[in-house]
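> heads up, no residue letters with this:
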C-alpha cells in the first residue's frame, strides 16, 4: 500500500509533464506518404512510452493510457486538419467556378466580335473587288481611247508623210531628214511601205518610188549598224528588234550566223576535236543570241544547222577523201556519225531549243548523205572481204589450200586449166572452226549495230537483213557446206571391207554446234530488228530456213552413207568370221560350249559396234541422235535376222546363238530406243526354240512374246533346227 500510494502522485505528475499532442500540416501528407512512419512518430512523441522498458525500470509500471490519449489527441488534430483542408478546397472550387464563368462570358464576347470583324472584312473585300473591277474597266476604256488617239496621231503623221513624199520638191519630214533616229525612221517607213503596197498601182507613183528607196536605205543602214560591232549588245538588240518586221531580218540572222561561226569555231589540230569545237561555238553563240534576238530559239536552231552542215560536212568530206579506201573506213564514219548525233542531242537538251528527234535525225543524215547512200553496199562488200580473209587465214593455218583455189576459180573461170594445189589436210580433219564462226559473228554483230545506228527508220530492217544474208553466205555456204562437201568426198564406200572412217560424224557435231549458235544470233540480234517490217521479216526467215535446209539435207545424206557403211562392214564381219559350223558343235565339246565365250564373229561385231555407237553418242544429240540410232538398230536387227536364217542350229548351237544375241542386246541397250530393244529381246526369246526339246516347242510358243508372234515367223525359225526333218518338228507345232 505504501508503495502504491507513494507511486501514484509520481505517475500523475509524469503524465502531466511529459505528454504532449503532435501538430500536423497538409504538406506532411503529400506523396510519397507512409502511414507506418506516421504511427511511429506519434508513438515516439508519447512521453515515457519507451522508457518503461529501459534498463533498471520495472516493466509492471507501463501505463498505456498516455499512449492512447496521445493517439486520440492526434486523431482529433487530424480531423481538424481535414476540416481545414476541406474548407480551403471548397473555397478554391468556388473561385475556379467563378473564373470559369467569367472566361466563358469573355470567350462568347470575343467570338461575337470575331464574327462582326469577319463580316466587315467580307464586306470590305467585296467593295475592293467592285472598285478594282471598275478601275480595270476604266483603265481598259482609257487604254482603248489612248490607242485610238495614238492610231489617229499615227494615221495623221503617215498621211502627212505620204502627202509630203508625193510632192515634187518637198523636203522629207522628221525623222527622215537626217535619219539620226534610225529606229523611229524604220518603224515609220515600214508602215508607209505597207500602205503604198495597198494603194492602186496607177496612183501615188512618186511617193511609192521615194518610199521604196528610203525603205531600202533604212534596211541597209540597220544591217550595217547591226554588224558594225558585235561587242555592243544593246545596239545589236535594238537593230534586231527594229528589223524583225522587215524582210532584211532574215539577212541579218544569216549574216550573224556566218559571222559567229567564223569567229567562234576554232578547230584543233587533231580530228577528234571537230565536234568539240562545234559544241564550244554553240555555247558561245547561244549566250549572245539570247541577248540580241526576239526569237532566240529559232536563231539558235539555224546556227546549229548551219555549223553542222558547213563545218561537220567539210570534215566528213575530208574523211571520205582520206580514208575512203581504208579497211576501217566504215568504222571511222560510224564512229563520227554516232558522236555527231550524240553532240546534237546534247546541244538540244542543254539549250532546250525544241529540236525533235525527226529534225535531229534529218540534220545529221543530210550531213552524211553521200556516205549513207552507198553505206549498205560498202558494208556488204567489207563483210564479204572480212569473211573471205577469216576463212583464208583458217585454211592456211591448217594447210588446206583447196578452198582458196575454188574461190579464185569462181572469180576467174578462165583459170580452170590450172591444177588445184596439193592439200596438207587429210580426211580426218573437219575443216570447221569455232574461231572462224566467232570471228564472223563478231563482224556481223558490229555491222548490225552500225545499221541500227545509221539506217533510216524505214530501211533498218532491210539493211540488217542484207547483213545477215552475207553471214549466211559466208558461214553456211562457204564454211559449213564446203566442209560437209569435203567430208562427203571422203565418206566410206557403200560396200565396205575395211572399218569405215566416221570422221563425218565429227563434222556433223561441229556443224550442229555452229548452227545452234547461228540460230541464237538470229533470235538475239537479227530478229528483234527485222520483225518490225512485215515485208522483210518473212523473207529473212525464209532465207535462213533455206540455207539451213541445204545443210540439213547434206548432213542427212552423209549420215545415211555412214549407216550404209556400218551396215556393210557388219555384214562383211559376219560373212568373214561366222562359219556355218559355229552353231552345230559336236556333243563332245558341250562343256566348253556351255562355259565358253560368244562366237568370234559376235566379238568382232560387238567391238566394232561399241566403237561406232560411242562415236555417234559423242558427235550427235537431240533428234539427229534418236533417228541415227534407231536407223542403225533397225538395220542391225535386219542384218542379224538375215544372217541367222542362213544358219542351221543344233541344241548347243542354239545356246551359242542365245549367248551372241545377249551380247548384241547389251550394245542395243545403249541406243535408248524401246522399239529397237524390243525387237532384239523378241529375237533372243525366239532363238530359244532352237534349244528346247521338240515336245516342248508348242508349250514354249504359247508363252511370253512368242504367243503374240506370227506363226510363219516362228515356223521360219523352227526350220533352222538341224533336227527339223528328222524329228518331224512340224507335227509338234500343229
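On my side now, so go ahead. In this text, all values refer to a predicted model and were calculated from it rather than measured experimentally.
> make it CA atoms for all contacts and neighbour counts henceforth
Fine.
> what's the weakest-modelled helix or strand in the chain?
Using mean pLDDT, DSSP states H and E, the weakest-scoring helix or strand in the chain turns out to be helix 2-18, at a mean of 35.
> list the buried residues of the helix or strand that that helix is followed by.
Tracing the chain C-terminally past helix 2-18 and defining elements by DSSP states H and E, one meets helix 35-44 next. Buried residues in helix 35-44, defined by neighbour count with 16 or more other CA atoms under 10 Å: 42, 43.
> distance of residue 123 from residue 113?
15 Å (CA to CA, to the nearest Å).
> neighbouring contacts of stretch 702-712?
Contacts to stretch 702-712, defined as CA atoms under 8 Å, 6 or more residues apart in numbering, come from residues 682, 685, 686, 700, 701, 714.
> could you redo the residues you listed as CSV and give each row secondary structure and pLDDT?
What follows is the contacts of stretch 702-712, written out as CSV (DSSP: H, G, I helix; E, B strand; the rest coil; pLDDT from 0 to 100):
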residue, secondary structure, pLDDT
682, helix, 89
685, helix, 86
686, helix, 86
700, helix, 83
701, helix, 82
714, helix, 82
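> filter the residues you listed to the buried ones?
Looks like those have 685, 686, 700, 701, 714 buried, using 16+ other CA under 10 Å.
> please, where are all the helices along the stretch 501-650 of the chain?
Here the stretch 501-650 of the chain has its helices, by DSSP state H, counting those that start in this stretch, at 503-521, 527-530, 536-577, 590-595, 600-619, 622-645.
> any idea which of those helices scores lowest on pLDDT?
Note on these: helix 590-595 shows the lowest mean pLDDT, a mean of 66.
> returning to what we had before: tell me the one of the buried ones among the contacts of stretch 702-712 nearest residue 191?
residue 685 (118.0 Å; CA to CA).
> buried residues of the helix or strand containing residue 380, list them for me.
If you go by DSSP H and E, residue 380 is part of helix 375-397. Buried positions in helix 375-397, judged by neighbour count with 16+ other CA under 10 Å: 375-376, 379-380, 382-384, 386-388, 390-392, 394-395.
> residue 319 - how many residues pack around it?
By the criterion of other CA atoms under 10 Å, residue 319 has 16 neighbours.
> quick check, it in a strand?
No: read with DSSP: H, G, I helix; E, B strand; the rest coil, residue 319 is helix and lies in no strand.
> against residue 537, how distant is it?
Taken as CA to CA, the span from residue 319 to residue 537 is 35 Å.
> of all pairs in the contacts of stretch 702-712, which one is the farthest apart?
Across the contacts of stretch 702-712, the longest distance by CA to CA is 13.2 Å; it joins 682 and 700.
> would you check that residue 694 makes contact with residue 727?
Yes: Residue 694 is in contact with residue 727 according to CA atoms under 8 Å; the separation is 7.3 Å.
> the two: who's more crowded?
residue 694 (19 against 14).
> what about the closest residue to that one other than its chain neighbours, neighbour count?
Closest residue to residue 694 apart from its sequence neighbours, by CA to CA, 6 or more residues apart in numbering: residue 729 at 6.0 Å. Using other CA under 10 Å, residue 729 has 20 other residues around it.
> find the centremost residue of this structure, please.
Taking CA atoms, centre = their mean, the centroid of the chain lies closest to residue 524, which sits 11.7 Å from it.
> quote the end-to-end distance of stretch 453-460.
End-to-end span of stretch 453-460 (CA to CA): 9 Å.
> that one: which residues count as buried?
Buried residues in stretch 453-460, counted by 16+ other CA under 10 Å: 454, 455, 459, 460.
> what's next to stretch 448-465, contact-wise?
334, 337-338, 372, 376, 467, 525-526, 529-533, 536-537, 540.
> no wait, stretch 285-295
For stretch 285-295, using CA under 8 Å, 6+ apart, the contacting residues are 233-234, 236-238, 240-241, 244, 260, 264, 296-297, 299-300, 351.
> just the buried ones from these?
Applying 16+ other CA under 10 Å to the contacts of stretch 285-295 flags 236, 237, 238, 240, 241, 244, 260, 264, 296, 297, 299, 300 as buried.
> which residues in the stretch 151-300 of the chain form helices?
Taking DSSP H, counting those that start in this stretch as the criterion, the stretch 151-300 of the chain carries its helices at 182-198, 205-228, 233-243, 248-264, 274-292, 296-307.
> looking at these, which is nearest to residue 664?
Nearest of these (CA to CA): helix 274-292, 76.4 Å.
> now the closest one: average pLDDT?
Computed over helix 274-292, the average pLDDT equals 86.
> OK, contacts around residue 282?
Residues near residue 282 by CA under 8 Å, 6+ apart: 303, 304, 347.
> can you tell me the helix or strand for the last one?
Per DSSP H and E: residue 347 is located in helix 329-351.
> list the buried ones in whichever strand or helix holds residue 453?
Under the criterion of DSSP H and E, residue 453 resides in helix 434-454. By neighbour count with 16+ other CA under 10 Å, helix 434-454 contains the buried residues 436-437, 440-441, 443-445, 447-448, 450-452, 454.
> give the next helix or strand downstream of that helix.
Using DSSP H and E, the helix or strand that follows helix 434-454 towards the C-terminus is helix 460-471.
> okay, the angle between that following helix and helix 536-577?
20 degrees (axes from the mean of the first three to the mean of the last three CA atoms, to 10 degrees).
> pLDDT of helix 460-471, averaged?
Averaged across helix 460-471, the pLDDT comes to 95.
> tell me the first helix or strand C-terminal of that helix.
helix 482-489.
> could the contacts of residue 282 be laid out in JSON lines, adding neighbour count, pLDDT and distance to residue 603?
Below are the contacts of residue 282 laid out as JSON lines (neighbours: other CA atoms under 10 Å; pLDDT from 0 to 100; distance: CA to CA, whole Å):
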{"residue": "303", "neighbour count": "24", "pLDDT": "88", "distance to residue 603": "90"}
{"residue": "304", "neighbour count": "23", "pLDDT": "88", "distance to residue 603": "86"}
{"residue": "347", "neighbour count": "18", "pLDDT": "84", "distance to residue 603": "82"}
